[in-house]
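1. dropping a prediction and its sequence here:
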Amino acid sequence: MWKVSREWVPYQEALSVVLSRIREVSCEEVDVTECVGRFLCKDLVSVVDSPPFDRAAMDGYAVVAEDTYGAREDKPVRLKLVGEVYAGSADKLRVAKGEAVAIATGAVLPQGATAVVRCEDAREKGKLVEVLKPAYAGQHVSRRGEDIRSGETLLRRGSRVRSIDLAAIISSGVSKVAVYRKPRVSIVAVGDEVIPAGTDLKLGEIWDSNSPMIKWMCTQLGSVGKLVARVGDDPEEIRQAIANGAKAGDLVVLIGGSSVGKRDLVPDIISSVGELLFSGVAISPGGPVSFGLAYGKPVFSLPGFPVGAFTAFEALVAPAILKMVGYSGEFRPVVYCKLRRAVRGRDGRRTYVRVKVVEGEGMPEAEPIMAGGSGLTATLLRADGYVVVEEDVEGFSSGEVVPVRLLCTIWG
C-alpha cells in the first residue's frame, strides 16, 4: 500500500531549522592571486596606502603651479627643462621655481612639484618648456592614499571576492587572504531507474541529469559538489551511501526516494541512522524534501524530478551552503518586471514560477512559463528566472510589477 500523505512544514520554519543546524567550515590562507570566488573569513584590510606615493595622473610636465599663472597660447610661460622621470623610475628629482620635469603617467612626482601640465598644454623648445595654459595646485596629481588608506577595510567577512576586486586588493599590499575552505557536498543519486548519462537506456530507465545539475549549482555557490554514489532502491545501499557521504563531505544531498510512494525510503533511513527533522515542505515544486542529521552531518533528501530538485536546492540547500561560508545575503540578482500574464500560488505553498524575461516598453517584462509537472526539464531550459508567490499570497495579476530572481548569481 502507499504511504499516507504527510503534513507540509511551512517554508520559513523549515529554513530556520536548517540554518540552526549548519556550522561554518574552517578557514585557510590562500595567495592573493588565488582568492577569486572565495568567501572571506576575516575582514580584508589594506596594508599600505594606495597609491603608495604622489604620482602623475597624466603624461606631461611636473611644475610648480604658481609658475604657470597667466600662461596662454599667445603668451606662454617658459620653464627650464631639468630632467625626465618614467613610471617605475626611482630617480629622486626635484623641481624648483622656474623649472619643469618631463613626467610619464604613474611616475613619482618630483619633490617641489605641485601640478602636472598635460603634454597637450605645453611644448618643448630645446631645453625649455612653453606652458600654454595655467595649472592649479594638485592638477593631474594622484596623491598618496587618495584611493585606499592603510588600515582601511576593503571587504567584510563573508564577502565573496570577485575578479574585479583584485586590483584594489593587490594595490593595498595584501599578499595572503584568509578565506573559508570550500564546503564539500557529497551527492547521492537514488533509484533503480537512474543510470549514468551517456549509457544505453532500457525501457523504464532514465539518465541521471540531477547529479550534474546539483554539482554545478554547488560550484556556483563556491562549494565542491561530488557524486559519491549512485544507488538503487535498497535500504542498506542507501544507508551505506549516507555514511560514506558524511565521511567525505560537510553536507550530504540525496536525490530521489523522498516522496510519499512506497519505495521512497530515504526519510525513514535518515531517521534510522540519525535524526529526521522534517519531511515535506510547503513549497511548489520541490515539496517532497527532507532534512536531518546523520553521522554528525546535515543530510538533505531532494525529490527526483529535476524541477523539484532544483527548487528544493534553491530554497533550502543553497542557504545552508552559504551559511557555511559566512554569507547570509541574496545570491540571485533581482530585476523588477511587468507580468505578461497572471500567476497563481498553489494550495498555501510558497510557489516558484519560472519566467522568461523579455524586452518591454519602459521596463523588462516577465512571461510565465505555464507548464505543470516537476519533471518537465524544458521549463528550466527556457527560464531566465523565477517569481516567488508566498504562501499567504493568492497570486499576481497581469501587468503587475514583480521581483524576478535571475538564474545567475550576483557574483557573475
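-> Good, I have the coordinates.

2. any idea how far apart the tips of stretch 102-116 sit?
-> 9 Å (Cα to Cα, to the nearest Å).

3. got the contact list for it?
-> When contacts are defined by Cβ atoms under 8 Å, 6 or more residues apart in numbering, stretch 102-116 is touched by residues 53-66, 68, 81, 83-90, 92-96, 101, 124, 129, 135-141. C-beta: built from backbone N, CA, C; applies to glycine.

4. out of those, which sit inside strands?
-> Counting by DSSP state E, the contacts of stretch 102-116 place 55-56, 60-63, 81, 83-85, 101, 124, 129, 141 in strands.

5. helix/strand/coil for residue 14?
-> Following DSSP: H, G, I helix; E, B strand; the rest coil, residue 14 is assigned to helix.

6. count of neighbours near it?
-> The tally of other residues near residue 14 (other Cβ atoms under 10 Å) stands at 23.

7. nearest residue to it in space, please, no chain neighbours.
-> Nearest residue to residue 14, sequence neighbours excluded (Cβ to Cβ, 6 or more residues apart in numbering): residue 281, at 4.5 Å.

8. the stretch 51-200 of the chain: helices as residue ranges?
-> With DSSP state H, counting those that start in this stretch, the ranges of helices along the stretch 51-200 of the chain come out as 166-171.

9. show me the shaky parts of the protein.
-> 1-6, 258-264, 371-375, 412 (pLDDT under 70).

10. tell me the centre residue of it?
-> residue 411 (3.0 Å; Cα atoms, centre = their mean).

11. against residue 109, how distant is the closest residue to that residue other than its chain neighbours?
-> Excluding the flanking residues, the one nearest residue 411 by Cβ to Cβ, 6+ apart is residue 160, at 5.3 Å. Between residue 160 and residue 109 the computed distance is 37 Å (Cβ to Cβ, to the nearest Å).

12. do the same with residue 305
-> Using Cβ to Cβ, residue 305 is found at 66 Å from residue 109.

13. more crowded one of the two?
-> For residue 305 versus residue 109, neighbours defined as other Cβ under 10 Å are more numerous around residue 109 (25 against 21).

14. and the residue nearest to residue 347 when sequence neighbours are not counted, what is it in contact with?
-> Leaving aside its sequence neighbours, residue 347 sits nearest to residue 284 (Cβ to Cβ, 6+ apart; 7.4 Å). The contact partners of residue 284, taken as Cβ under 8 Å, 6+ apart, are 311, 346, 347, 349, 350, 351, 352.

15. what about those, which are in strands?
-> 350, 351, 352.

16. by neighbour count, which of those wins?
-> Counting neighbours by other Cβ under 10 Å, the top entry in the ones in strands among the contacts of residue 284 is residue 350, with 25 neighbours.

17. contacts only, for it.
-> 11, 282, 283, 284, 315, 388, 389, 390, 391.

18. longest helix anywhere in the chain?
-> Secondary structure assigned by DSSP state H gives helix 235-248 as the longest helix of the chain.

19. any buried residues in the helix or strand harbouring residue 217, and which?
-> Element membership of residue 217 [criterion: DSSP states H and E] is helix 210-220. Across helix 210-220, burial judged by 16 or more other Cβ atoms under 10 Å covers 210, 211, 213, 214, 215, 217, 218, 220.

20. list the helices and strands it packs on?
-> Judged by 3 or more Cβ pairs under 8 Å, 6 or more residues apart in numbering; DSSP states H and E, helix 210-220 is in contact with strand 184-190, strand 224-231, strand 251-255, helix 306-312.
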